[in-house]
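Asker: Give me coordinates for this.
(2 chains)
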There are 2 protein chains.
Amino acid sequence: MHDLIAALPEGRVLTDPDVTESYARDRTFVPPGRPLGVVLAQTRDDVVTTLRWATENRVPVVPRGAGTGLAGGATATDGSVVLSLARMTAIRELSPQDEIAVVEPGVITADLDRAAREHGLMYAPDPSSYEISTIGGNLATNAGGLRCVKYGVTRDSALGLEVVLADGRILDTGRRTMKGVTGYDLTGLFVGSEGTLGVITAATLRLRRVPREVHTVAAEFMSLRDAAAAVSAIIAAGCQPSLLELMDRTTLEAIDDWKNIGLEPQTRAMLIAQCEGPPDEMAALCEETASFVAVSSTPEEAAELIGIRRLAYQAKERIGQCLVEDVCVPRSVLPDMISRIEEAAARHEVTIATVAHAGDGNLHPVFIFERGLAKPPAEVWAAADEVFRAALDLGGTLTGEHGVGLLKKRWLGLEAGPLVTELHQGIKQVFDPLGILNPGKAI
Amino acid sequence: MHDLIAALPEGRVLTDPDVTESYARDRTFVPPGRPLGVVLAQTRDDVVTTLRWATENRVPVVPRGAGTGLAGGATATDGSVVLSLARMTAIRELSPQDEIAVVEPGVITADLDRAAREHGLMYAPDPSSYEISTIGGNLATNAGGLRCVKYGVTRDSALGLEVVLADGRILDTGRRTMKGVTGYDLTGLFVGSEGTLGVITAATLRLRRVPREVHTVAAEFMSLRDAAAAVSAIIAAGCQPSLLELMDRTTLEAIDDWKNIGLEPQTRAMLIAQCEGPPDEMAALCEETASFVAVSSTPEEAAELIGIRRLAYQAKERIGQCLVEDVCVPRSVLPDMISRIEEAAARHEVTIATVAHAGDGNLHPVFIFERGLAKPPAEVWAAADEVFRAALDLGGTLTGEHGVGLLKKRWLGLEAGPLVTELHQGIKQVFDPLGILNPGKAI
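Answerer: Here you go, the predicted structure:
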């Protein structure tokens, strides 16, 4: 480490184990290894210096944003260097004319969104963590969010990247234009690669116009299946919601315990939906099966409703430790997937609180277990295993937006198969022949 | 070839040079080599058999859809086997609930769109060729189209692929779900790879709801720059057009000569725009600089206006041979790019007729030259070279939606650089280590 410390500007490297420990984990309980140190990169040159040194010395590098990941993708391995990009926070350019921004990886996602809104634009991808997670982390996991039912996931907003490769060489991918087909889609390949192919030091991102009007509908249901049926009806009617979120009773109770939202005893599920046109049809479709429907008449009311949804994860963390899962199924089998989750919870006597980006068929069953345990007990893993297999069985995927990380590698083979694995390894070999970038993750 | 002919069902292979010649070229003038034969694949097994044979015998394979490409991507090389997917035309599944279709590569793009419309859905990507080009060809080039200003390019609609690799192994990429981040984005990598990484035998494609109302505005301008300014104003105002097409005088004259559209002498440019809300603002913005603005009041009128635009390419082919180019620039420099094209035309005394997917900054300058010439004369190449360099100089790209093929390989190095080229070659090596798939194209 001494030569790395000497090669970087002063103050860039942390080596005190008491300090580095907090950079070694994300928001999962996956036990981290002990890193040699943490580099707090402030410039692209810092990243180049670190990776050159790592290549020369064959030291694993674990890139890291804000550490809000939910799959162990930024968990440090023994003897690695953690490379934090959280201090690279410049918005290098924001062009309202071209509707693009060029940003560094440490920019907080919601900060970019706010900067864009000063020009009537927005940065659409909005993972629930968007007030605390970074663009770099969002790119690494191809993060989704609430608005992606209309605006797509992070990959759909990434036009071009500046990447430092494992050997320190600098790669520019993609473009500033809306379209472009020169060569293979390297930009798309880096997005979602969980730091295993290179370290992103800047991204050219597409911004979108802020919609002129947004209407919000909240509906309460006496069963989860009724709520899921309303989701199907809204999609089938062509309402084109820009947000369509589902919460189950356990989630609502956790929020109610914390913030007292006046949860009715008979409410088993709540749907929060937004659309950019008149809300009447969406509200009417909810009314067919809902016990209560409210349409927001002011932006403040709408923000309050969405705010309830954004509290979900923190509310659950108040009642226990959480294993947050992320299955995604074809939209038509959403009710079946919900039933399978409920069955798994009952069979294994586990508390599962589910929220879903229902418009995308993306469910987050959160397995809640006793605080103080070092890791989820066996029955939680048994229930999770059942949920993963059910998702695949229904034509779905293990992870809609959180990534594989370390947490889901055990199940990866069920979805990916040996040929996909072989090709993943081949691609990894092209970009990182020494295997120093985030080893053991994602693939 | 005898063992390949014997291994395939009867009638699948053409070897008569008079017949195979028509399968050896696309719509460019790039002179084709002489293939050994043409396989007319009807099933995935035919593709597997062909590729296994090609691998064993080290024979290059040139995959092919309808041959409507504009970059020489499907041009046969000497001693190759042309693998036509045009007879694999099944729509295997169309699920209105999940808003997806699973289709074979030979399906004509507009046929899929029509099939979807029976369920209130549409297949959004609509290259100008969509009545004659195939889904497989669209995927190979990551085709764009008129609607992609709102709905994105082909890659944005591709969820998963069934691909036969060079050695005959079958790969399933991607998913049936709207989101998914398990491993690297192999689907995105195949889209736009111009048949150099594998042969797509089925695709799971995203469908979209047909918008409830569409309004069409046509505006005539006395200068191209006025039209380009209207484009900028429409984007800046947040009108969110679903189509925004620009045609210059030369294009309009070609259409008028053929179909007599009543072109006014002073009209130098026409803009055709669509939006899915009220058209008043878009029309008002056009009126600021236009000499004439019409808003369609019926779907028939709208179809007629779009029909004019869709005639553009055929109309130009009536007046001479065409070199169709495809530069894409950041939207804000569209007027500058138009000026640079006009300057190049004047300097080299070449006729250039330009249409643009103006909302995306994607221009198709069409260089028209004398019929009967085997290839474009030197002044056309000189003007094209100037146009390509101007696009790159303005922060743009060589190709927005047609691909590199053979036609643009000469300029590829200006955009891609040695590191990108090295990575492209590395990826190619992973998927096609013998280099038998469409050699010499795209990268």
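Asker: Find the centremost residue of chain A, please.
Answerer: In chain A, the C-alpha nearest the mean C-alpha coordinate belongs to A:Ala143, at 3.8 Å (Cα atoms, centre = their mean).
Asker: separation between the nearest residue to that one once chain neighbours are set aside and A:Arg347?
Answerer: Spatial nearest neighbour of A:Ala143, chain neighbours left out: A:Pro127 (4.3 Å); criterion: Cβ to Cβ, 6 or more residues apart in numbering or on different chains. The way it works is simple: take the backbone N, C-alpha and C, and place the C-beta from them, glycine included. According to Cβ to Cβ, to the nearest Å, A:Pro127 and A:Arg347 sit 31 Å apart.
Asker: the more surrounded of these two?
Answerer: Taking other Cβ atoms under 10 Å in any protein chain shown, A:Pro127 and A:Arg347 do not tie; A:Pro127 has more neighbours (25 against 12).
Asker: Chain neighbours aside, what residue packs nearest to the residue in the stretch 201-350 of chain A positioned nearest to chain B?
Answerer: Scanning the stretch 201-350 of chain A for proximity to chain B using Cβ to the nearest Cβ identifies A:Ser332 as nearest, at 3.5 Å. The shortest distance from A:Ser332 to any non-neighbouring residue, by Cβ to Cβ, 6+ apart, is to B:Gln97 (3.5 Å).
Asker: Just give me the neighbour total for the one you found.
Answerer: Residues near B:Gln97, counting by other Cβ under 10 Å, number 13.
Asker: wait, what's in contact with it?
Answerer: Applying Cβ atoms under 8 Å, 6 or more residues apart in numbering or on different chains, we find B:Gln97 in contact with A:232, A:236, A:330-332.
Asker: got it, and A:Gly69?
Answerer: A:Gly69 sits next to A:26-28, A:137, A:141, A:402-403, A:405 when contact means Cβ under 8 Å, 6+ apart.
Asker: How about A:Gly307?
Answerer: By Cβ under 8 Å, 6+ apart, the contact set of A:Gly307 is empty.
Asker: List the buried residues for the helix or strand where it lies?
Answerer: Using DSSP states H and E, A:Gly307 maps to helix A:299-310. Using 16 or more other Cβ atoms under 10 Å in any protein chain shown as the test for burial, helix A:299-310 gives A:302, A:305-306, A:308-310.
Asker: Show me how far that helix is from its chain's centre.
Answerer: Relative to its chain's centre, helix A:299-310 lies at 20 Å (Cα atoms, centre = their mean, to the nearest Å).
Asker: Just flag the most distant two among the contacts of B:Gln97.
Answerer: A:Ala236 and A:Pro330 (13.6 Å; Cβ to Cβ).
Asker: if you look at stretch A:360-377, does any of it touch chain B?
Answerer: Yes: Stretch A:360-377 lies within reach of chain B by Cβ under 8 Å from any Cβ of the partner chain, at A:360-362.
Asker: Quick one: end-to-end distance for that stretch.
Answerer: Stretch A:360-377 has an end-to-end distance of 30 Å (Cα to Cα, to the nearest Å).
Asker: Quick one: distance of that stretch to the chain centre.
Answerer: 16 Å.
Asker: quick revisit: what about the residue nearest to A:Ala143, which helix or strand?
Answerer: Short version, using DSSP H and E: A:Pro127 is in no helix or strand.
Asker: Tell me the residues of the stretch 201-350 of chain A that contact chain B?
Answerer: Contact residues (Cβ under 8 Å from any Cβ) of the stretch 201-350 of chain A with chain B: A:209-210, A:212, A:232, A:235-236, A:238, A:240, A:277, A:328-332.
Asker: ok, 7 Å please
Answerer: A:209, A:212, A:238, A:240, A:328-332 (Cβ under 7 Å from any Cβ of the partner chain).
Asker: ok, so of these, who is nearest A:Leu419?
Answerer: Nearest to A:Leu419 among those, with distances taken as Cβ to Cβ, is A:Cys328, at 21.9 Å.
Asker: count of residues packed around the closest one?
Answerer: Using other Cβ under 10 Å, A:Cys328 is surrounded by 29 other residues.
Asker: Pretty sure it sits against A:Asn362.
Answerer: Yes: at 4.3 Å, A:Cys328 and A:Asn362 qualify as touching, with contact defined as Cβ atoms under 7 Å.
Asker: rewinding a little: Validate this expectation: the residue of the stretch 201-350 of chain A closest to chain B resides in a helix.
Answerer: Yes: under DSSP: H, G, I helix; E, B strand; the rest coil, A:Ser332 sits within a helix.
Asker: What's the local residue count around it?
Answerer: When neighbours are counted by other Cβ under 10 Å, A:Ser332 comes out with 20.
Asker: so what's it up against?
Answerer: A:232, B:95, B:97-98 (Cβ atoms under 7 Å, 6 or more residues apart in numbering or on different chains).
Asker: any idea of the mean pLDDT for the strand or helix carrying A:Ile368?
Answerer: Element membership for A:Ile368 (DSSP H and E) is strand A:362-369. For strand A:362-369, mean pLDDT rounds to 96.
Asker: which strands and helices sit next to the helix or strand following it?
Answerer: Counting by DSSP H and E, the next helix or strand C-terminal to strand A:362-369 is helix A:378-393. On a contact count with 3 or more Cβ pairs under 7 Å, 6 or more residues apart in numbering or on different chains; DSSP states H and E, helix A:378-393 meets helix A:334-348, strand A:362-369, helix A:409-431.
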